[in-house]
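In: Sequence and predicted structure below; questions after.
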Amino acid sequence: MFKRRQILPALVLVGPFVIAYLVLFIYPSLKMLELSFTNAPLVGEGKWVGWANYSRLFRDSLFKGSVVHTIYFVVLTVIPTTLLGLVIAILVGRLKGWLQSLVLAAFFLPYVLPVTVVFRIWEWVLDSQFGIAQPAFRLLFGHSISVWQDPVWAMPSVAFITIWWTNGFNVLLFIAGLRNISQDVYDAAELDGAGGWTRFRFITWPLIWPVTALVLTIQLILQLKIFDQIYLMTVGGPFNSTQVVVQYIYKQAFQTNHGGYGSTIAVALFVTIAALSVLQYQVLRTRSE
């Protein structure tokens, strides 16, 4: 039990965070939930419409399309970036001294770049006329490719850029996990005649699994909320082929002034992310145990 003289310092230390959490997260979330049951514009009051907005979701073809595109993006990014981060971390872990630090910094550098800088870099690389990647496209396909105007290439291109941009954080997490594995375990396995693949399968992979579960969960949450790259690189096009759920929320709330319906989509996304994240983490943790 807290002693009485400890209560005041505890309130002073915890109070500002609790107040900020209530004002900046809980209140806006409850307000968004309330708006989802109205036909309110972005600013101002609206009429109560009950579950009409939620039933509209099931009839909205653009919303269904944005869900499909979001799932497609998740498939293109979550598992590939996790596996790539693990492979890079293992390879970087074999380096020593300043070379290891240099290579690790090179992989982590893109992660600290703002999304606008990332957009400008890849806009220059993939430019259909002057991009330095176009000679490779012409060599492989016989012609230049305007990736941002091609429905086939647009989403995979954004996914590739996202992996390039964010994978450094995953590498750091995996390196931290790998460094927690005692070298004595590897030495004992090597003395028993275990090869590289055997050591990875029966030592590295089981012991690194909690970190893998964490990376997968973080990546799932981040990629379900994808917006910045899509908005800057494709604006949801061409022909809505890259329009994701968060962009559809933005379009409904800020461009067409349908604050109530935009809030409904946001609530649906929030519940989906929370449910999938908890379910995935529990399944992965159960597998680990």
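Out: Ah, there it is. Residues are numbered from 1 along each chain as shown.
In: Only the buried residues of the helix or strand residue 138 falls within, if you could.
Out: Here residue 138, judged by DSSP states H and E, is contained in helix 134-141. Residues of helix 134-141 classed as buried: 134, 137 (neighbour count, 16 or more other Cβ atoms under 10 Å). In this view, the C-beta of every residue, glycine as well, is placed from N, C-alpha and C.
In: ok, residues contacting that helix?
Out: Residues from elsewhere that reach helix 134-141, judged by Cβ atoms under 8 Å, 6 or more residues apart in numbering: 126, 127, 128, 143, 144, 145.
In: Just give the number of residues close to the third one.
Out: Same thing as residue 128. The tally of other residues near residue 128 (other Cβ atoms under 10 Å) stands at 15.
In: got a pLDDT number for the closest residue to it other than its chain neighbours?
Out: Take residue 128 and drop its neighbours on the chain: the residue closest to it by Cβ to Cβ, 6 or more residues apart in numbering is residue 146, 3.9 Å away. Looking at residue 146, its pLDDT stands at 88.
In: what are the ranges of the helices in the stretch 151-289 of the chain?
Out: 151-179, 183-191, 196-199, 205-224, 228-233, 245-250, 259-288 (DSSP state H, counting those that start in this stretch).
In: which residues are contacting the second one?
Out: When contacts are defined by Cβ under 8 Å, 6+ apart, helix 183-191 is touched by residues 198, 199, 202, 203, 207.
In: ok, now how distant is the closest residue in space to the second one that isn't next to it in sequence from residue 174?
Out: When you say that, I think you mean residue 199. Using Cβ to Cβ, 6+ apart and skipping the chain neighbours, the partner closest in space to residue 199 is residue 189 (5.2 Å). Separation of residue 189 from residue 174 (Cβ to Cβ, to the nearest Å) stands at 20 Å.
In: who's more crowded, those two?
Out: Neighbour count, other Cβ under 10 Å: between residue 189 and residue 174, residue 174 has more, with 24 against 15.
In: If we ignore the residues flanking it in sequence, what's nearest that one?
Out: Nearest-residue entry for residue 174: residue 89, 3.5 Å, with adjacent residues in sequence omitted and distances by Cβ to Cβ, 6+ apart.
In: Am I right that that neighbour sits in a helix?
Out: Yes: counting by DSSP: H, G, I helix; E, B strand; the rest coil, residue 89 falls inside a helix.
In: That one touches residue 169, doesn't it?
Out: No: contact between residue 89 and residue 169 fails when scored by Cβ atoms under 8 Å: they sit 11.3 Å apart.
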